[in-house]
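Enquirer: fold the following and give me the result.
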Amino acid sequence: MNQVVRPENRREFMNKLVVPYDQQVGNPNSVFSEPTKLGQPENDRSKQISVKGDTDKDFYIGLKDLTEAVDYYFNNVLRLSVVQNNNRIQIPIIYGTPENWKGVQRDGYYRDKNGKLQAPLIMFKRTTTTPNRNLGNKLDGNAARNVQLFEKLYNKRNNYGNFTVLTSRDIEKEYVVSITPDYVTVEFECLLWTYSLEQMDKLIEALNFSSRSYWGDPNRFQFYSQIETFTDSVTYDVGEDRAVKSAFTLTLSGYLIPDSVNKKLANANRYYGASQILFGMEVASNAGQQLANMRKPEFKKISRIMTADSINNVIGSSGGIDPITLSYLVANYQIIGTYISDDTATFNKSWAVAPSGLPANNIDNFNFFVNGQYLERNAIVSWIDDGFGTSTLIIDPNILTFSFASTDLILAVGKFKP
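Expert: Next up, the predicted model:
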């Protein structure tokens with residue numbers, strides 16, 4: 001059996017450059033595409049959200065929508081008409097199918113099935129579609145990076161009511177996702193026929209006035225249009241047929257979002273916001289903000305009893321917990337350390353003294369953080385209270401894989417004296 005050599009895709013190559021913090025755990029972002037799907041977008045199952053019962057369809061706009069925008073503007077906005085034998089006649093609009101367009105190119109005008117020359121008449125046909133590279137795009141067709149989010153109102157996961165206020169729960173917002181479209185320039189070749197030059201002049205004046213405006217249905221899509229040149233000619237037929245013909249090119253600045261399989265694989269169709277965010281340890285950008293974060297309501301400290309403590313044999317004679325013991329149990333202060341050296345930091349606080357009946361205060365009642373990152377216990381060499389208002393922390397940089405710096409924010413959280 002021949003071995004198939006598969007080159008690394010972009011995600012696999014970038015993941016090789018990631019150095020994980022814990023070498024034993026490895027890189028959690030490693031995702032490999034299946035060899036059976038070479039050249040196809042990677043299927044990220046975390047983005048697959050069920051749309052069962054959802055009435056919102058995926059956003060789609062194609063070349064047909066641009067053609068319908070031109071047809072709508074001709075029939076419902078411009079409503080071009082001419083005066084013929086003291087009667088005002090609205091000009092019919094037809095799309096140039098291959099059969100009709102070929103007959104027009106051969107004869108110079110359009111005839112019905114009985115051979116009668118049709119005038120006045122407007123025929124248009126899409127000719128070219130050119131991508132516009134000067135505007136934004138989705139960046140990658142295999143994994144769309146630029147998206148647009150449309151927030152939805154109430155749904156089953158976000159019911160209207162005051163229960164969320166009572167439970168302090170934020171609403172879970174739902175977003176419909178649409179990728180950034182591919183911007184294109186679409187050209188339509190248009191032909192006009194009238195019986196006289198006076199009728200043609202009126203039509204050219206109306207079309208020239210509508211140039212450089214937005215064409216289309218206001219309730220659906222509108223596209224910026226341009227008309228630069230009108231080419232006039234007079235056509236004579238053998239006999240008495242005579243028609244005035246004018247040709248012009250209509251340019252629309254449009255955009256496309258396909259309804260295809262690769263588009264669905266390239267991006268998710270729904271996103272949900274977080275209903276509740278919990279932080280165990282706040283991170284601040286400066287010392288002043290960190291001090292503000294440390295000002296906690298006193299009633300919340302009762303939930304911070306350390307697991308190393310015990311409340312056995314501390315019931316007072318009045319039937320409740322002794323106030324001194326309770327004050328020790330709920331003590332949990334955050335102190336900013338001072339950089340001394342690469343492996344040493346000091347804190348201007350002494351340890352709290354454990355009341356009688358409780359274990360002596362020790363390192364198990366303290367946690368340490370460096371720039372918001374938890375300091376592993378096995379990297380701590382010693383944690384000493386000198387008894388004169390200073391506590392000293394010494395670490396092993398080899399185990400920690402980094403050392404202290406003078407710009408680090410070093411925190412100790414635990415049972416210090418008030």
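Enquirer: residue 256: what's it in contact with?
Expert: 61, 62, 63, 181, 182, 184 (Cβ atoms under 8 Å, 6 or more residues apart in numbering). In this view, the C-beta of every residue, glycine as well, is placed from N, C-alpha and C.
Enquirer: how about 6 Å then?
Expert: 181, 182, 184 (Cβ atoms under 6 Å, 6 or more residues apart in numbering).
Enquirer: neighbours of the closest residue to it other than its chain neighbours, how many?
Expert: Closest residue to residue 256 apart from its sequence neighbours, by Cβ to Cβ, 6 or more residues apart in numbering: residue 182 at 4.9 Å. Each residue near residue 182 was counted by other Cβ atoms under 10 Å, and the total is 18.
Enquirer: ok, now residue 372?
Expert: 12.
Enquirer: how far away is it from residue 228?
Expert: For residue 372, the distance to residue 228 equals 60 Å [Cβ to Cβ, to the nearest Å].
Enquirer: cool, residue 85 as well?
Expert: In terms of Cβ to Cβ, residue 85 sits 34 Å off from residue 228.
Enquirer: which one of the two has more residues nearby?
Expert: residue 228 (10 against 6).
Enquirer: looking at this structure, which helix or strand does the model trust least?
Expert: Every helix and strand in the chain was compared by mean pLDDT, DSSP states H and E; the lowest is helix 261-266, with a mean of 62.
Enquirer: reformat the contacts of residue 256 into TSV and put distance to residue 195 and secondary structure next to each item.
Expert: Below are those laid out as TSV (distance: Cβ to Cβ, whole Å; DSSP: H, G, I helix; E, B strand; the rest coil):
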residue	distance to residue 195	secondary structure
181	43	coil
182	43	strand
184	37	strand
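Enquirer: dump those residues to a markdown table, plus pLDDT and distance to residue 358.
Expert: Formatted as a markdown table, the contacts of residue 256 follow (pLDDT from 0 to 100; distance: Cβ to Cβ, whole Å):
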| residue | pLDDT | distance to residue 358 |
| --- | --- | --- |
| 181 | 85 | 67 |
| 182 | 86 | 69 |
| 184 | 93 | 75 |
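Enquirer: which one of those sits closest to residue 392?
Expert: Closest to residue 392 out of the contacts of residue 256 is residue 181 (61.4 Å), distances taken as Cβ to Cβ.
Enquirer: what count of nearby residues applies to that closest one?
Expert: Using other Cβ under 10 Å, residue 181 has 19 neighbouring residues.
Enquirer: what sits against it?
Expert: By Cβ under 6 Å, 6+ apart, the neighbours of residue 181 are 255, 256, 257.
Enquirer: any idea of the mean pLDDT in the helix or strand where residue 175 lies?
Expert: Residue 175 belongs to strand 174-179 when assigned by DSSP states H and E. Averaging the model's pLDDT scores along strand 174-179 yields 79.
Enquirer: partner strands of it, parallel or antiparallel?
Expert: Strand 174-179 pairs in its sheet with strand 147-151 (antiparallel), strand 270-272 (antiparallel), by DSSP bridges.
Enquirer: about what we covered before: relative to residue 62, how far out is the residue nearest to residue 256?
Expert: 11 Å.
Enquirer: which strand residues bridge the closest residue to residue 131 other than its chain neighbours?
Expert: Closest residue in space to residue 131, ignoring its immediate chain neighbours: residue 184 at 5.5 Å, by Cβ to Cβ, 6+ apart. Going by DSSP bridges, residue 184 is paired in beta bridges with residue 131, residue 254.
Enquirer: noted, bye for now.
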